[in-house]
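Visitor: kindly generate the corresponding structure for this input.
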Amino acid sequence: MLGSAIARVLDVEADLTVIGIARTGAEAALIASRANPGVVLIDFHLPDMTGPAAAAIIRGGVPDAAFVFHSAEDSETALLDAIDAGASAYLTKSLSTAEQIVKAVRQAGRGEVLIPASLFAKAIARQRSARDRQQERDRLAADFTARELEVLALLAEGLDTADMSERLSIAPHTIEWHVRHLIEKLKVHSKLQAVIAAARLGLIDLAEE
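Guide: Just a heads-up that it's a prediction; the model follows:
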């Protein structure tokens, strides 16, 4: 999943521990099933499968694992595939520094994401069908309250629980309750995936920067 050099960078951090290094997706899944990692740092291209495919297998055994992709692949298609697989961050090898990798792993471990909406908004808009989006929007509209849509919009802005609580003048635990229900309704695994699913269905709009 990651090279020994990156493993050393992570392992010297007092709050991080590398529990295994895998060369293939199959090896990664085996290590994950035994060690139950909080964060998986993974490449998009592996010898035996893609990173997203490996992430899907790993998530089957470790549903709460967060994924940070670190790859030479920088296409929009790769980014969307990684997001669909539950990526909390997507770093390109040519641009990311050791400090950024460490930061991404820490934030992923806290349940945060480092993928701004502007990176995937254009690709989503190009790929989705307007007709299908409208049909889904009509079908799902009755399942979402006005408050839930407000929370979704604020998630798309990248606000955390405290900021949303202040913006909407409701308690943090109420925000968390709404977020949990949104994730369940949209049949996804994370806040980021909820935003993406809602955007694809036309429930919210992701404005490009």
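Visitor: how about the helices in this protein?
Guide: For the chain, helices defined by DSSP state H occupy the ranges 4-11, 25-35, 51-61, 76-84, 98-109, 117-127, 130-141, 146-156, 161-168, 172-186, 191-200.
Visitor: out of these, which one sits most buried?
Guide: The highest mean neighbour count among the helices of the chain, using mean count of other C-beta atoms under 10 Å, belongs to helix 191-200: a mean of 23. (Glycine included, C-beta is placed from N, CA and C.)
Visitor: show me what that one is packed up against.
Guide: In terms of contacts (3 or more C-beta pairs under 8 Å, 6 or more residues apart in numbering; DSSP states H and E), helix 191-200 is packed against helix 76-84, helix 117-127, helix 146-156, helix 172-186.
Visitor: go through those and find the least confident stretch.
Guide: Looking over those, mean pLDDT reaches its minimum on helix 117-127, with a mean of 62.
Visitor: what about the protein, any weak spots by pLDDT?
Guide: 1-3, 116-134, 136-137, 140-142, 206-209 (pLDDT under 70).
Visitor: can you list the domain ranges for it.
Guide: Domains of the chain are assigned by automatic domain parsing as 4-116, 128-200.
Visitor: verify the stated contact: D81 with P52.
Guide: Yes. The pair D81 / P52 is scored as a contact, 4.5 Å apart, by C-beta atoms under 8 Å.
Visitor: alright, I will stop here.
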